[in-house]
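Student: starting from these lines, generate the structure:
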Amino acid sequence: MRLPDDELLVLDRRHLWRPYTSSEDHESRPLFIVDRAEGPWLIGPRGRRILDASGSWWCNNLGHGHPRLRQALGRQAERLMHCTFGGATHEPGVRLASELAAVAPKGLERVFFSDNGSTSVEVALKIAFQYWQQNDRPERDLFLTLPGGYHGDTLGAMSVGAVDEFSGVFRPLLFEAARPAEPVEYDWEPVFDALVTRLREDGDRIAAVIVEPVVQGAAGMRMYSPTLLAELCEATTRADTFLIADEVFTGFGRTGPMWASDHARIAPDLLCTAKGLSGGVMPFAATLATDRIYEGFRGGKERALMHGHTFFANPLGAAVALEVLAIYREDRILERAKPKAARLADAIRDMASLPGVRHPRALGMCAAFDVGQTGYMGKIGWEISEVALELGAHLRPLGNTIYVVPPLNIGHDDLEQLLYVVRKATERVLVKDS
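Tutor: Residues are numbered from 1 along each chain as shown. Prediction:
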């Protein structure tokens, strides 16, 4: 029997330690109880429906409860839910590795599975570091990163991140990483020039460069030119070091093509993917690497990558991810998302007519704008979020950055409703304060 709503909320606030949430907000901020979900909708116990504008933290690229993903999960559960990948194998894991290599940027032939985006990045960092340590270049121990980068919440991922609200208190525990100064007024050229210069002058020390291709998510959906990414890739090649593309958020068509790296027509040496990989159904992730990197681990046990995961290539997650790839192919998800992306971009650009809206931007099915000063601790975005919840949409602002990342297959009417709520909620807050 279902718990009454008031009892559920009491237990929630008594026992949960909510992510990215202060105790004050946990105890006072409104909560929407989700009973079920379908497509772009979260549905409450009494049938109230609200649009999931944040993709439940950027992962529901195909919406909630896609029937083919439900069926794939059920079929696999009847056969095999989990088994070790140490000295054993299974078809879903093997097939998925092969199919990922086929859709990945050229040259990424090896696949290491894990369960979340942070871990996929952690694995990439360890691979890059160990490669140089055991291939006669131990001085290569420094990672280059972008200012404002976010790569996850494990210690290695935080070390190469640069969002102090997430990692500042942990700085004494983190390893050194180098990054240029923040861009001024969204001018990224000096930032990338500094990275290229560092690679030219100090390339022998660089283990890898890690970036979120084209869009920096947690920093506020900040976007930069693919041309800059292409130039950075060329610089890593000249320095004979590795480029790590953190595509945990940007992969699986979020920015238009299958990978955000495709905008720059580059192939990184290591690629991290999660979130959309399993359609938001299962915790599942992968780190892809070139054969050159894999060959650097060839030899005896002392040269092995000593990283493992209990649920490596979990059959349930692998089966769902295989079905995600099949849906993308058969339903032409990327092609059919293009007109929706164009409509989203037009609507977000129109937000500039409201007082206090700054820097509207969009790429693929990702759009954002700022209200007031940027920064994760801003409060105006949360005011807009609370009004949006009243109007029927769940926004999860990044401080004073409002963003929307709807499913790539969202219906026309649902998209229009979402855009209406975003504009109306923003109007109510900003016009009131202007």
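Student: okay, which residue is most central for the chain?
Tutor: residue 249 (2.0 Å; Cα atoms, centre = their mean).
Student: give me the phi and psi for that one.
Tutor: phi -90, psi -40 (degrees, to the nearest 10).
Student: how much space between it and residue 273?
Tutor: In this view, residue 249 and residue 273 are 10 Å apart by Cβ to Cβ, to the nearest Å. Where you see a C-beta, it was placed from the backbone N, CA and C, and this is true even at glycine.
Student: do residue 377 as well
Tutor: 30 Å.
Student: also residue 98?
Tutor: Distance from residue 98 to residue 273, by Cβ to Cβ: 15 Å.
Student: of these two, which one has the most company?
Tutor: residue 273 (27 against 12; other Cβ atoms under 10 Å).
Student: model confidence score at the more buried one, please.
Tutor: According to the prediction, residue 273 has pLDDT 98.
Student: same check on residue 433?
Tutor: 57.
Student: hang on, isn't residue 328 packed against residue 276?
Tutor: No. Applying Cβ atoms under 8 Å, one finds residue 328 not in contact with residue 276, separated by 9.4 Å.
Student: any shared contact partners between these two?
Tutor: 252-253 (Cβ atoms under 8 Å, 6 or more residues apart in numbering).
Student: who's more crowded, the two?
Tutor: residue 276 (27 against 22).
Student: now do the SS call for the more buried one.
Tutor: Classification of residue 276 by DSSP: H, G, I helix; E, B strand; the rest coil places it in helix.
Student: please name the nearest non-neighbouring residue to it.
Tutor: residue 252 (3.2 Å; Cβ to Cβ, 6 or more residues apart in numbering).
Student: is it true that that neighbour touches residue 278?
Tutor: No. Using Cβ under 8 Å, residue 252 is not in contact with residue 278; the gap is 9.7 Å.
Student: need the overlap of contacts for these two.
Tutor: residue 324.
Student: can you check the pLDDT for the closest residue to residue 51 other than its chain neighbours?
Tutor: Closest residue to residue 51 apart from its sequence neighbours, by Cβ to Cβ, 6+ apart: residue 393 at 4.2 Å. Confidence at residue 393, expressed as pLDDT, is 98.
Student: and residue 393, how far from residue 42?
Tutor: Taking Cβ to Cβ, one finds residue 393 at 10 Å from residue 42.
Student: neighbouring strands - and their directions - for the host helix or strand of residue 144?
Tutor: Residue 144 belongs to strand 142-145 when elements are defined using DSSP states H and E. Strand pairing for strand 142-145, using DSSP bridges, gives strand 177-178 (parallel), strand 206-211 (parallel).
Student: with that, I have no additional questions.
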